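Enquirer: Can you look at this prediction? I've put the sequence above it.
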Amino acid sequence: MGRAAAVRFMGLYVPVIAAFLLVFLRPSRKRTFPAALLGFVWTLPSLLAVQLLNLHFGWWRFNALGGLFRGMPVDLYLGWGVLWGILPILSFDQTGIAWVSAAFFGIDLILMPACSPVVALSHRWLIGEFVALGLVLVPAQLFARWTINDTHVKARAVLHILAAGGVFLFLIPEVVFAVRPGHKWDALLFEPAWLRSLELQAIALLGVAGVSAVQEFAQRGNGTPIPYDPPKQLVVSGLYRYISNPMQLSCALVMTAWGCVLRNPWVAAAGIMSFLYSLGLAAWDEGEDMRVRFGKPWEEYRNNVKAWRPRLTPWHAPDRPLARLYVAETCGPCSEVRRWFESHGAVLLHVVAAEDHPTRDLQRITYDPMDGTDVDEGVGAFARGLEHINLGWAFAGACLRLPGIKQLVQILLDGSGLGPRSIPRRSRKLPLAAVGPSCAVDTASDDQSVDVADRKRRAVTNLPH
């Protein structure tokens, strides 16, 4: 075996064997290995992105024949992924991430020159090394560590979205292009600008449901889409009021549409296969798991909300309290918002005067889901209210609540004079239990109260069946 072959052989099998030994010989926490796999998944598209940057900037060059993926040996690519995605978590999960990054940077300082002649380094290779640390190693380790410790659920949700997008929209097409050389990104790059823009916007819209579903899992369920890191409570809000499988439906549609845009039937086939998988094995496994974890509430939900056929009107568990949207009476624009919701037939929602909030003075329109999870304010509260009208408005609300979009719209509204203002509470209140059954709200807490006249005049209580 020549030196080049030995470098490629050891570059793959040494990290893989080390990972297997650590899995079987070193005691670890229950979530350690699945979290390490998440780190590995992150490395696959991010390492490929680093290689594309390397092809442009020339930090290093691979002198190899056969088994290349975008000019990089596949064995070194996979070995690098195991080395940076799996080994740090299996070996140093209790060590500070700064020390782990420094340690693996030091390892690379030794290994990269040692991989000669397969790897030829330029005088700027350390720049590429730091880029790789920032795009690959550090995010992969944060992703895995947060999963092990069950912390930073919203940040983990963002990393799940980025990882899924990297795999489905970038890595899978690149693999298809590698095994079928006649297929390239040219179908997208050489289209008229207006058509390319229209197609990308359509794909982005198809992806909204999936992104919103992950966001809903994090915000309302305190979990992620991964089976070993699921939501702690049943999520039946957002688009889940209308369809029980928005994430998988979105994934299948995006992949199929992406294949059509790239004029590549193999990429489109990946979307069709994901649909068939979701319809068969995934649906059976998920159904059994959900029945075990949530029992009768899950069965009632699935009896009313289908997996692939969305409802037009929202569904709400009859034993759960209705959400509340607090809108100020003493604010002119806020009153218009209130009348708008009432005129559009919002259901399963109480629109209550902000002056009658039971515990504090409000500064923005506020949406309280009444399930113990976080409230939404401002643009987020308005978007939440939209999910109580119909499927079309719920989708618009999901778009409005996307990370970045919500903050941008809020900044624009604040700059237009619609920013926060203090709404003092009224002193005259009556416990909800005294209002009577006509208002159809939860009365479990004695400290929750609203103004009676206001409630009878303005609360939205239409309950569809």
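Expert: Looks like it came in fine.
Enquirer: hey, where'd the helices end up in the stretch 1-150 of the chain?
Expert: Taking DSSP state H, counting those that start in this stretch as the criterion, the stretch 1-150 of the chain contains helices spanning 3-25, 32-57, 74-85, 87-92, 97-114, 125-132, 138-149.
Enquirer: Need these in a markdown table (columns: distance to Ala163 and mean pLDDT).
Expert: Any C-beta I mention is one placed from the backbone N, CA and C, and that applies to glycine too. A markdown table is the format used below for the helices of the stretch 1-150 of the chain (distance: least, C-beta to C-beta, whole Å; pLDDT from 0 to 100):
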| stretch | distance to Ala163 | mean pLDDT |
| --- | --- | --- |
| helix 3-25 | 19 | 92 |
| helix 32-57 | 5 | 95 |
| helix 74-85 | 11 | 96 |
| helix 87-92 | 15 | 91 |
| helix 97-114 | 18 | 93 |
| helix 125-132 | 17 | 96 |
| helix 138-149 | 7 | 95 |
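Enquirer: Out of those helices, which gets nearest to Leu279?
Expert: In terms of C-beta to C-beta, the element of the helices of the stretch 1-150 of the chain nearest to Leu279 is helix 32-57, at 23.3 Å.
Enquirer: for the closest one, packing partners?
Expert: helix 74-85, helix 87-92, helix 125-132, helix 138-149, helix 153-166 (3 or more C-beta pairs under 8 Å, 6 or more residues apart in numbering; DSSP states H and E).
Enquirer: closest to Asn390 out of those?
Expert: Across these, closest to Asn390 is helix 153-166 (C-beta to C-beta), at 26.0 Å.
Enquirer: Of the helices of the stretch 1-150 of the chain, which is nearest Gln201?
Expert: Comparison of these against Gln201 by C-beta to C-beta identifies helix 32-57 as nearest, at 22.5 Å.
Enquirer: which parts of the closest one are buried?
Expert: 32-33, 35-51, 53-54 (16 or more other C-beta atoms under 10 Å).
Enquirer: circling back to that earlier point, pipe the helices and strands packed on helix 32-57 into TSV and attach mean neighbour count and distance to Ala354 per row.
Expert: Listed next are those as TSV, based on neighbours: other C-beta atoms under 10 Å; distance: least, C-beta to C-beta, whole Å:
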stretch	mean neighbour count	distance to Ala354
helix 74-85	23	48
helix 87-92	21	47
helix 125-132	17	49
helix 138-149	22	36
helix 153-166	18	26
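Enquirer: I'd like the distance from stretch 22-39 to the chain centre, please.
Expert: Relative to its chain's centre, stretch 22-39 lies at 23 Å (C-alpha atoms, centre = their mean, to the nearest Å).
Enquirer: ok, now stretch 129-143?
Expert: What separates the centre of stretch 129-143 from the centre of its chain is 19 Å, taken as C-alpha atoms, centre = their mean.
Enquirer: got it, and stretch 201-209?
Expert: With C-alpha atoms, centre = their mean as the basis, the distance from the averaged C-alpha position of stretch 201-209 to the chain average is 14 Å.
Enquirer: residues making contact with it?
Expert: With contact meaning C-beta atoms under 8 Å, 6 or more residues apart in numbering, stretch 201-209 is reached by 165, 239, 246-247, 249-250, 253-254, 257-258, 261, 395, 398-399, 402.
Enquirer: of all these, which two lie farthest apart?
Expert: By the measure C-beta to C-beta, those have their two most distant members at Leu239 and Val261, which lie 23.7 Å apart.
Enquirer: Would you mind telling me which of these two has more residues around it?
Expert: Leu239 (28 against 20; other C-beta atoms under 10 Å).
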